[in-house]
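Peer 1: Show me the folded form of this:
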Amino acid sequence: MTDLATLWAALPQLSNIHASADGCWAFWCMAGLTDTENVWCAPLDGSAPPRMLTDGRDHYLIRDVAPDGRRLILAQSLNANEHDHLLILDRETKALTQITPTQDTHYVYGGVLAKDGSALFFLADFDYHRNEVTQGAWLWRQDLTTGLRSCLASADSPPHFYVGPQLSPDGSRLLWHRSDRAPGGYQLWTVPVAGGESRKVLDLGETNNVLAAWLNDDRIAFACDHDGCDKMGVLGLSSGAVDWLASEPDLCPHSILGGTGDDFLCIHHVESHTRASLVGPKGIHPLPNLSGRRSLLPHAALPDGGWLAEAYDADSPHDLVAIAADGTCRAIFRAAPEPRRRHTAPQDFRWTAPDGRPMQGWLYRPEGRPKGLIAHVHGGPTWHSEDWVNPKIQFWVAQGYAVLDPNYRGSTGFGYAHREAVKEDGWGGREQADIRAGLEAALAAGIPGPIAVAGNSYGGFSSWFAITRHADLVTAAIPMCGMYRLDIDYHATEMPHGRAYSEEMMGGTPEEFPEKYANASPGRFVDHIRGHVLIVHGLADSNVGPENTHAAIRDLTRAKIRHEVLLFADEGHGVFRRRNVERYLRKSAEFLQNAFLDVATAPV
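Peer 2: Prediction:
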């Protein structure tokens, strides 16, 4: 009989959704159906069922799709260590051709095909001519026939950690997001694909972020923070003028998705919901959601005025749908029903932080009286949790636990002030009081203890923080790939943008603010631990280095503090292989049962 860990590890999960420019093909990556994340495709006219194009030992990501959908640019790294190499996939034959070398020294960002398909453009913190890692970013053109690489531009600053170069509609220029002035601040540059002088086209300030997309050869739309709020605007390249279209509190822009006609999409937030609105000559209007799911997130424009989108909520696996111009939806991929995998919808849960800031999260209640309460803390912190399917949360609810998924200060979705508030203290400040207050509010709402805290990355840091600094409340912690000592994390990360992110959040380096880094580090307070700890880490993690976990094990062993360890040699920043997710879920259930039983049987 298949157990719950196996069922939830096999949950189909969509990502990397793309459409060919001719409107004929949908492409996406999917985890759960195979051990690794693989590439799938389906014709948008529904003439054939979805089919899997890859079967990799490591996960694949889609970076670009040729206009006719015949070729795809993919990225892959060894054991998800994020040191990507690029490949070309032929849709018909499934043949893979590697473009850049397999490596574990540097980072490759993006990967976009030239308009005629003859070359590829990407960013890397690597000088391929000298064969050496650099601190800054290099924008490369690689000829796909000869393999010859030429540098189009370079910068001393690290690349944007998830935005690669974007090709203009006429194929003559690349849009480059550069962080030249301060961590967390980005400026827009254009670079001729044939070589020549780069041009800075938008600079809103030293620390202002911006995320942009081409609308046509002379117009770029962008979402940004400016004048203390989130805004959306359109930049005219020939004039240099900015047309400001919307801002908080009416709209909280997050990103831009270019269309194929006069309209484009603004992806924006309504608290912790992601929404899309059409922006065009007729104004700004919400994109209709006729999918039957509570949320609809477009990912690619279709030439008929429609969109390829993800339709989702926590009630079942996410759907991939094609939206027609009139808003009607047709399913491109929908997971087969699995009645043994029972989904639980969350409650929109509200509470107030100790300093009076309003807070929101998602509270999942199991059938019957809960065995206890788990806080699942999202990573980032500049991210947020929604009403969507998280297999870890659903597994724990199926095991009989209530789960709180909090959107603490620093989370996206609630506007500029809420997101930036985490920087007032730096990590380990009032955002941790937000999480504690949410747990206390759940207890007051009738959810019984004991309490555990779990999460990956910043959620792992928050798990460490809870078991050390909130030992009076928290019985158990499951930190996954979490920062244990912030000075170690700063120096052990291999990512140049990782150090920049720490500087942005903490106000500087560990050398500049040693006490601030030390006081926020859970490793300084291990003697406070009174509960149970299960430490989880992928040994190929190049983001939060495993030295965090090695230091924790040394400290806990020296102090004779009980702890358990679950390490994965074939995982990076998180646990994603299906067999490893299954192992993690099964181990977490055993750990929580023993930790909570220990509390129940402890003498009064």
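
Peer 1: all contacts plus neighbour counts: C-alpha atoms, from now on.
Peer 2: OK.

Peer 1: a helix runs through residue 497, doesn't it?
Peer 2: Yes. Under DSSP: H, G, I helix; E, B strand; the rest coil, residue 497 sits within a helix.

Peer 1: distance of it from residue 546?
Peer 2: The gap separating residue 497 from residue 546 is 18 Å, by C-alpha to C-alpha, to the nearest Å.

Peer 1: These two: which is more packed in?
Peer 2: Neighbours were counted for residue 497 and for residue 546 using other C-alpha atoms under 10 Å; residue 546 has more, 27 against 21.

Peer 1: Double-check that one against residue 484; I have them as touching.
Peer 2: No. Look at residue 546 against residue 484 with C-alpha atoms under 8 Å: they stay out of range, at 9.9 Å.

Peer 1: ranges for the helices of the stretch 401-550 of the chain?
Peer 2: Applying DSSP state H, counting those that start in this stretch to the stretch 401-550 of the chain gives helices spanning 416-420, 422-425, 430-444, 458-469, 486-492, 496-506, 514-520, 547-558.

Peer 1: Mind telling me which of the ones you listed the model trusts least?
Peer 2: In terms of average pLDDT, helix 496-506 trails the rest of the helices of the stretch 401-550 of the chain, at a mean of 90.

Peer 1: what's next to the longest strand belonging to the chain, contact-wise?
Peer 2: As assigned by DSSP state E, the longest strand anywhere in the chain is strand 132-143. Around strand 132-143, the neighbours that count as contacts under C-alpha atoms under 8 Å, 6 or more residues apart in numbering are 105-106, 118-127, 148-159, 193, 496.

Peer 1: same check, this time on stretch 389-396
Peer 2: So stretch 389-396 is contacted by 4-5, 8-9, 11, 312-318, 343-344, 376, 402-403, 585, 589 (C-alpha under 8 Å, 6+ apart).

Peer 1: Mind telling me which residue is nearest the centre of the protein?
Peer 2: Centroid-nearest residue in the chain: residue 383, 7.2 Å away (criterion: C-alpha atoms, centre = their mean).

Peer 1: and the gap between it and residue 84?
Peer 2: Applying C-alpha to C-alpha, the value for residue 383 to residue 84 is 23 Å.

Peer 1: If you count neighbours, what's buried in stretch 123-143?
Peer 2: The neighbour-count criterion (16 or more other C-alpha atoms under 10 Å) identifies 123-127, 134-143 as the buried residues of stretch 123-143.

Peer 1: How far does it sit from its chain's centre?
Peer 2: Remark: stretch 123-143 is offset 25 Å from the chain centroid, using C-alpha atoms, centre = their mean, to the nearest Å.

Peer 1: can you check stretch 139-155 too?
Peer 2: Using C-alpha atoms, centre = their mean, the offset of stretch 139-155 from its chain centre is 28 Å.

Peer 1: which of the residues in that stretch are buried?
Peer 2: Buried, per 16+ other C-alpha under 10 Å, within stretch 139-155: 139-144, 149-154.

Peer 1: what mean pLDDT does that stretch have?
Peer 2: When pLDDT is averaged over stretch 139-155, the result is 97.

Peer 1: Find the nearest non-adjacent residue to residue 222, please.
Peer 2: Using C-alpha to C-alpha, 6 or more residues apart in numbering and skipping the chain neighbours, the partner closest in space to residue 222 is residue 212 (4.0 Å).

Peer 1: quick one: the one you found and residue 232 touch, right?
Peer 2: No. Taking contacts as C-alpha under 8 Å, residue 212 lies outside contact range of residue 232: 9.6 Å.

Peer 1: Now do the shared contacts for these two.
Peer 2: With C-alpha under 8 Å, 6+ apart, residue 212 and residue 232 have common neighbours 221-223.

Peer 1: Return the member of these nearest to residue 554.
Peer 2: residue 223 (44.8 Å; C-alpha to C-alpha).

Peer 1: what's the spacing between the lowest-mean-pLDDT helix or strand in the chain and its chain's center?
Peer 2: Least confident helix or strand, the chain: helix 496-506 with a mean of 90, by mean pLDDT, DSSP states H and E. Helix 496-506 sits 16 Å away from the centroid of its parent chain (C-alpha atoms, centre = their mean).

Peer 1: swap in stretch 89-105?
Peer 2: Counting by C-alpha atoms, centre = their mean, stretch 89-105 comes out at 24 Å from the chain centroid.

Peer 1: buried set for it?
Peer 2: Within stretch 89-105, judged by 16+ other C-alpha under 10 Å, the buried ones are 89-91, 96, 99, 104.

Peer 1: Now the residues you listed in JSON lines, please, with extra columns for distance to residue 28, secondary structure and pLDDT.
Peer 2: Shown next, in JSON lines, are those (distance: C-alpha to C-alpha, whole Å; DSSP: H, G, I helix; E, B strand; the rest coil; pLDDT from 0 to 100):
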{"residue": "89", "distance to residue 28": "13", "secondary structure": "strand", "pLDDT": "98"}
{"residue": "90", "distance to residue 28": "15", "secondary structure": "strand", "pLDDT": "98"}
{"residue": "91", "distance to residue 28": "12", "secondary structure": "coil", "pLDDT": "97"}
{"residue": "96", "distance to residue 28": "17", "secondary structure": "strand", "pLDDT": "98"}
{"residue": "99", "distance to residue 28": "21", "secondary structure": "coil", "pLDDT": "96"}
{"residue": "104", "distance to residue 28": "26", "secondary structure": "coil", "pLDDT": "96"}
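
Peer 1: Mind putting those into CSV with distance to residue 476?
Peer 2: What follows is these, written out as CSV (distance: C-alpha to C-alpha, whole Å):
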residue, distance to residue 476
89, 45
90, 48
91, 47
96, 45
99, 46
104, 35
